[in-house]
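Enquirer: no sequence on hand, only this structure:
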């Protein structure tokens, strides 16, 4: 399975799990489906929203990691210099924390509905945390 449905508030997206590029992270995330959390606006990274996960240990190595996810790319930071988190880029992002620049595993890409991403960012910034659910397609 490589296709997922993503619901953020009432906005619908289709995503592709990057099983070839991040096989360990992708497999771990697939085990968690359906996945529901709250998505909040980034504090440090720019035009992105994140799911703070504290000291959750996904036990994944760095793979297909980037500090500059493109709009629609979703990354998992497995922790270390900051807390574990999942980040969704809706615009320009330089992934970082108060400790400085970080890199996260790009494991999921939005392939349909990308034009709605600026609205996700606007809502998270001005209306607060947004419900997000990722499920098998």
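Expert: Everything's here; your move. Everything quoted here is computed from the prediction, not taken from an experiment.

Enquirer: from here on, just use CA atoms for contacts and neighbour counts.
Expert: Noted.

Enquirer: low-confidence stretches in this structure?
Expert: Residue ranges of the chain with pLDDT under 70: 1.

Enquirer: now do the helices in it.
Expert: Under the criterion DSSP state H, the chain contains helices at 23-32, 117-127.

Enquirer: relative to residue 45, which of those helices is closest?
Expert: helix 117-127 (12.5 Å; Cα to Cα).

Enquirer: that closest one: which residues count as buried?
Expert: 117, 118, 120, 121, 123, 124, 125 (16 or more other Cα atoms under 10 Å).

Enquirer: my read: the third one touches residue 8, true?
Expert: The reference is to residue 120. Yes - using Cα atoms under 8 Å, residue 120 is in contact with residue 8, at 7.3 Å.

Enquirer: on that earlier part again, could I get the buried residues of helix 117-127 as CSV with distance to residue 84?
Expert: Shown next, in CSV, are those (distance: Cα to Cα, whole Å):
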residue, distance to residue 84
117, 23
118, 24
120, 21
121, 21
123, 23
124, 20
125, 21
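
Enquirer: now do residue 31 against residue 58, distance only.
Expert: 11 Å (Cα to Cα, to the nearest Å).
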